[in-house]
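J.: Here is my input; please provide its structure:
(chains A and B)
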Amino acid sequence: MEVDRRAFIASLGGVAAVNLMDHEAKAEALEHYMEDKLDEMVAAQQPEKFPTVAEIEAQITTRPYRRGAGSVFTGQRGENVKLIEPMPAKPTLNDFFRLRFAPANHVLQSATRAMKTGMSEEIILACLLHDCVLSLIKPDHGWWGAQLFEPYIPEKSAFAIRYHQTLRFYADDDAGYEYPDQYYRIFGHDYQPPQYIADTYKMLKNHKWYMEPRLVTVNDLYAFDPNAKVSIEPFQDIIGRHFKQPKEGLGYDNSPSAHMWRTLARPDNPL
Amino acid sequence: MVKTLLTGFSLSALLAVVAAGQAASKAQPLPGLDATVTKVEHAASASLRDCPPGTNTVNAVTRPGEQFALVTVAFKVSSTFKAAPMKRPTVTDATDKKYNTASTFVDVGSVPEYSCTFPFRLPEGTKLKSLQIESASLDLSSLDK
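T.: Next up, the predicted model:
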């Protein structure tokens, strides 16, 4: 075990305090210090105990909301919801990022990583948009997300958004995707994806566009850094090139997903 | 203290102590980029961070019969380094079977000096022979006891 000399001395109260100790006391203090550090190391290596599916289900009736509610409909950390700024008359994707998807840190990190690792613009765009629909609804967010954006983005990007949800449940060693421990926490360590997810995975494995959603999952996995500094600015050119912003504004262009944008825009409407 | 060591130390921590005493393996995967393997550990879970590392919070965990080999590499970037996309490292075992890592090089030249730990999912008991980073091969056999 390596001992950090400075940390050890600091733990004893500094150099002056150490100088007052005799050799035996110093040796004893060192031994205690090392034992404490060892305990910390061993504790850190104990595998985390993940909940079971049954334990997660038992929590359902302890909440005043359902886990699948979009984030604009629930308060954060048990607080009441806040008033939200109205959307402009002709809202753009940037407006939604600023006023409804914010802080959007996860998707911005994901897209930043995709950009830094030289991925295609369709994939970068898919990474940027892949979880935005969680503001609206959470279950089946891949399908809902693809539906929300489909009228405005390239087909490959929509495909990647739709199916990243499925591929998140299946590791891919060659592509560099590990099954994340957060899924053991969210779904339970004994969770088995439902049959429609297993069937979708089977279809995707032989699909020519398999790598499109797979690359979203790879960037997804590495985009939970609380200290990352990201912004939407680096993506403005890609948005400009690939996102067909309707002149009427999102929600007012009569597209198949216009009602979804309106719901995001006015989540306090009772009907 | 010795008793505590023997009773409280997991195998992975013990291997780390053993590894720390071994000679480091060095190479230059790309001009201007020095890589030195400093440690090989084994663990049941692995932090998933890019290289250079940020503070990503996601981990991977092993299934029964598996272990992660955590290969720590110290990098030094000199002024002659030209940024280029780098492939993910791989390791080989004694039978030359290749294993991948999920960790990726991102912005390799962004900081002059850093250390990265690459997790490799392996069958339990697998001993590693070498680490490949681009065209460079670094010996792991002396560190992976």
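J.: number of nearby residues for residue A:12?
T.: Residues near residue A:12, counting by other CB atoms under 10 Å in any protein chain shown, number 18. To be clear about C-beta, it is placed using only N, CA and C from the backbone, and glycine gets the same treatment.
J.: Neighbours of the residue lying closest to it once chain neighbours are set aside, how many?
T.: In this structure, residue A:12 finds its nearest non-sequential neighbour in residue A:18, 5.3 Å apart by CB to CB, 6 or more residues apart in numbering or on different chains. Residues contacting residue A:18 under the criterion other CB under 10 Å number 15.
J.: go on, residue A:219?
T.: 28.
J.: my guess is it contacts residue A:127, does it?
T.: Yes: between residue A:219 and residue A:127 a contact is recorded at 4.9 Å, counting by CB atoms under 8 Å.
J.: Now do the shared contacts for these two.
T.: The contact sets of residue A:219 and residue A:127 overlap at A:110-111, A:113-114, A:119 (CB atoms under 8 Å, 6 or more residues apart in numbering or on different chains).
J.: so which of those also contact chain B?
T.: Residues of those in contact with chain B (CB under 8 Å from any CB of the partner chain): residue A:113.
J.: Which residue is it, in the stretch 151-271 of chain A, that comes closest to chain B?
T.: Per CB to the nearest CB, residue A:178 is where the stretch 151-271 of chain A lies closest to chain B, at 3.7 Å.
J.: pretty sure residue B:119 is in a strand, no?
T.: Yes: under DSSP: H, G, I helix; E, B strand; the rest coil, residue B:119 sits within a strand.
J.: How many residues are close by it?
T.: As a burial measure, residue B:119 scores 23 neighbours (other CB under 10 Å).
J.: before we move on, the earlier item: looking at the shared contacts of residue A:219 and residue A:127, which is nearest chain B?
T.: Nearest to chain B among those, counting by CB to the nearest CB, is residue A:113 at 6.2 Å.
J.: neighbours of the nearest residue to residue A:129 once chain neighbours are set aside, just the number please.
T.: Distance criterion CB to CB, 6+ apart; nearest residue to residue A:129, sequence neighbours excluded, is residue A:149 at 5.4 Å. Neighbourhood size, residue A:149 [other CB under 10 Å]: 26.
J.: that's a strand at residue A:149, yeah?
T.: No: applying three-state DSSP, one finds residue A:149 to be helix, outside a strand.
J.: Tell me who's in contact with it.
T.: Per CB under 8 Å, 6+ apart, neighbours of residue A:149: A:129, A:132, A:157-158, A:161, A:257.
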